[in-house]
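Peer 1: sequence first, then the predicted structure, then my questions.
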Amino acid sequence: MNVMPLLLLVAGSAAVAAAGRRTLVPAPLLLVAAGLAVSYIPGVPDYTLDPHVVLPLLLPPLLYTAATDSSYLDLRAQLRPVALLSVGYVLFATVVVGWAAYLLVPGLPLTAALVLGAVVAPPDAVAATAIARRVGLPSRITTILQGESLVNDATAITAYRVAVAAAVGEATSWVGGIGEFLIAAVGGIGIGLVLMVPIHWLRTHLKEALLQNTLSLLIPFVAYGVAEQVHASGVLAVVVVALYLGHRAWEVDFATRLQEDAVWKMVAFVLESSVFALIGLQLPVVLRGLGEYEGADAAWYAVAVFLVVVVTRFVWVYPATFLPRLLSARIRKREDNPTWKGAFIISWAGMRGVVSLAIAFSIPQTIHGGEDFPGRNLILFLTFTTVIGTLVVQGLTLPPLIGLLRLPGRDAQAETLAEANAQAQASRAAEQRLDELLTDERNALPEPLADRLRTVLERRRNAVWERLGQPNPITGETVDDTYRRLAREMISAEREVFVKLRDLRYIDDEMLRTLLRRLDLEEAAAYRETT
């Protein structure tokens, strides 16, 4: 087996992504452009997207890392718009794009056109949120885009399976299709709910960070594989498990969190970089199979489908944003009034990605009777051009568009004030805990060390730890051991307050992660290995 092409792909995409961090152009766009350019170099091997690799091996970890970085509470608060986009919009786009392709392309059966609609329906799980975070979109818009991208793949894959079954002649009906969709959705969520508690229990009871992180790397594949084995949605199973684990990550040992954060950042960086480079590298494979559709007709079809995909999202987003408010007084009372600018950005941030291409490559070559799948090569080509078109056109214009519309970004001053108040409350709790512990003679410390604990608490900075004093006659601990133990008790008290404030929605999950990471680093410094 020649692994050199794979090594070149990973190394090259990582280098381009690293260079992209120094430019104003989003890294996904640079990677796609680099892939397109490299695909023209003579001697470059074909990097054909294998759906049997992309869907079970690349999609689960990408979804897992995106979901664990998401906020369960924020997603729950935005459940209605997320559901309307991740389910309603995907099904709407499947039908509209499929019908448009059926009318545009002579001889393309409606069932095959609906396959195309399902393939290009889901926006990418990485591109939109990566760009949204970089340009500082309001947190509500970012949450909606992120939540949509976590779930919409499940809707699209199920719709695709129903459309393919109809196209290849397997008897199906709208009722049967809806039933299959419900079974996949309910089954995927059910598998996730069944797995999340025992997995979390195992994570909190493993004593070695190395084992815990090994388990962490296996979790998305286990959840996806178990769900797919029973014909449920592996995507939803991964998302449910990841949201639960991310919400309760504070209960895992600090060493695990620190290692896990570094490991998953590396995994996400490598996979995301490789995936976007792979999109560009598909050009020779797609063009080679175009066959009878080569020429101006294929270009016209590509432009038309791209425009339909873009317009369809606007047609869905604006009514879905404003109609519920008009029809429900409860929604008007409970939710802030959305603006046309926010709806416009959500509509424009519908970039497609590698999942669409992977689904397209999984279209069977033949149908019953040995005939070729109608329009398969054209569907591949139109999927490729739609992915490239949305990434380049929408991806490049999204940052300046956000600046032009002058959307209010995150309120840095308010967040800083909230963080300061949260830290003050946590520090008071930790100081109270320290006073309680110091009243016990088993925790006796020289006054300078007790003062040092308070100083570290107040200033929240790392210090050089010293091994001082004689062993405690009651516990057998050295003064340094007692000092470290008390420091850990104080940090635990702070951590509990931060989580409580997150649960009360006083701070968000992003701020919670920032605050917990500070405590984790301090705890790691206090309990560094000495052997």
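Peer 2: Good, I have the coordinates.

Peer 1: run the chain-centre distance for stretch 158-169.
Peer 2: With C-alpha atoms, centre = their mean, to the nearest Å as the basis, stretch 158-169 stands 27 Å off its chain's centre.

Peer 1: buried set for that stretch?
Peer 2: Residues of stretch 158-169 classed as buried under the neighbour-count rule (16 or more other C-beta atoms under 10 Å) are 158-168. C-beta: built from backbone N, CA, C; applies to glycine.

Peer 1: tell me, how many neighbours does the nearest residue to residue 255 once chain neighbours are set aside end up with?
Peer 2: Using C-beta to C-beta, 6 or more residues apart in numbering and skipping the chain neighbours, the partner closest in space to residue 255 is residue 209 (4.1 Å). Neighbourhood size, residue 209 [other C-beta atoms under 10 Å]: 18.

Peer 1: wait, what's in contact with residue 209?
Peer 2: Counting by C-beta atoms under 8 Å, 6 or more residues apart in numbering, residue 209 touches 253, 255-256, 259.

Peer 1: low pLDDT regions in the protein?
Peer 2: Of all residues in the chain, those with pLDDT under 70 make up the ranges 1-2, 125-136, 169-177, 289-295, 368-370, 408-420, 423, 456-481, 525-531.

Peer 1: look up how far residue 187 lies from the residue nearest in space to the middle of the chain.
Peer 2: For the chain, the residue nearest the mean C-alpha position is residue 66 (2.2 Å; C-alpha atoms, centre = their mean). Relative to residue 187, residue 66 is positioned 22 Å away (criterion: C-beta to C-beta, to the nearest Å).

Peer 1: repeat for residue 100
Peer 2: Counting by C-beta to C-beta - residue 100 and residue 187 are separated by 32 Å.

Peer 1: same question, residue 310
Peer 2: In terms of C-beta to C-beta, residue 310 sits 33 Å off from residue 187.

Peer 1: go on, residue 450?
Peer 2: 56 Å.

Peer 1: equivalent analysis for residue 36, please.
Peer 2: For residue 36 relative to residue 187 (C-beta to C-beta), the value is 39 Å.

Peer 1: equivalent analysis for residue 60, please.
Peer 2: Residue 60 is 16 Å from residue 187, by C-beta to C-beta.

Peer 1: more neighbours, these two?
Peer 2: Using other C-beta under 10 Å, the more surrounded residue of residue 60 and residue 187 is residue 60, with 24 against 19.

Peer 1: that one touches residue 221, doesn't it?
Peer 2: Yes: in this structure, residue 60 is within contact of residue 221 by C-beta atoms under 8 Å, at 5.5 Å.

Peer 1: pretty sure residue 445 is in contact with residue 487, am I right?
Peer 2: No: using C-beta under 8 Å, residue 445 is not in contact with residue 487; the gap is 10.6 Å.

Peer 1: check which helix or strand residue 221 maps to.
Peer 2: Assigned by DSSP states H and E, residue 221 belongs to helix 209-229.

Peer 1: buried stuff in that helix?
Peer 2: In helix 209-229, counting by 16+ other C-beta under 10 Å, buried: 209, 212-213, 215-216, 219-224, 226-228.

Peer 1: intersection of neighbour lists for residue 445 and residue 487?
Peer 2: Residues touching both residue 445 and residue 487 (C-beta under 8 Å, 6+ apart): residue 453.

Peer 1: these two: who's more crowded?
Peer 2: A count of neighbours by other C-beta under 10 Å puts residue 487 above the other of residue 445 and residue 487, at 24 against 20.

Peer 1: correct me if wrong: the more buried one contacts residue 453.
Peer 2: Yes: the pair residue 487 / residue 453 is scored as a contact, 6.2 Å apart, by C-beta under 8 Å.

Peer 1: quick one on the thing from earlier: quick check, nearest of the contacts of residue 209 to residue 108?
Peer 2: residue 259 (51.3 Å; C-beta to C-beta).

Peer 1: residues near the closest one, how many?
Peer 2: Considering only other C-beta under 10 Å, residue 259 is surrounded by 16 other residues.

Peer 1: distance from stretch 203-219 to the middle of the chain?
Peer 2: Counting by C-alpha atoms, centre = their mean, stretch 203-219 comes out at 21 Å from the chain centroid.

Peer 1: check stretch 376-396 too.
Peer 2: For stretch 376-396, the distance to the chain centre is 21 Å (C-alpha atoms, centre = their mean).
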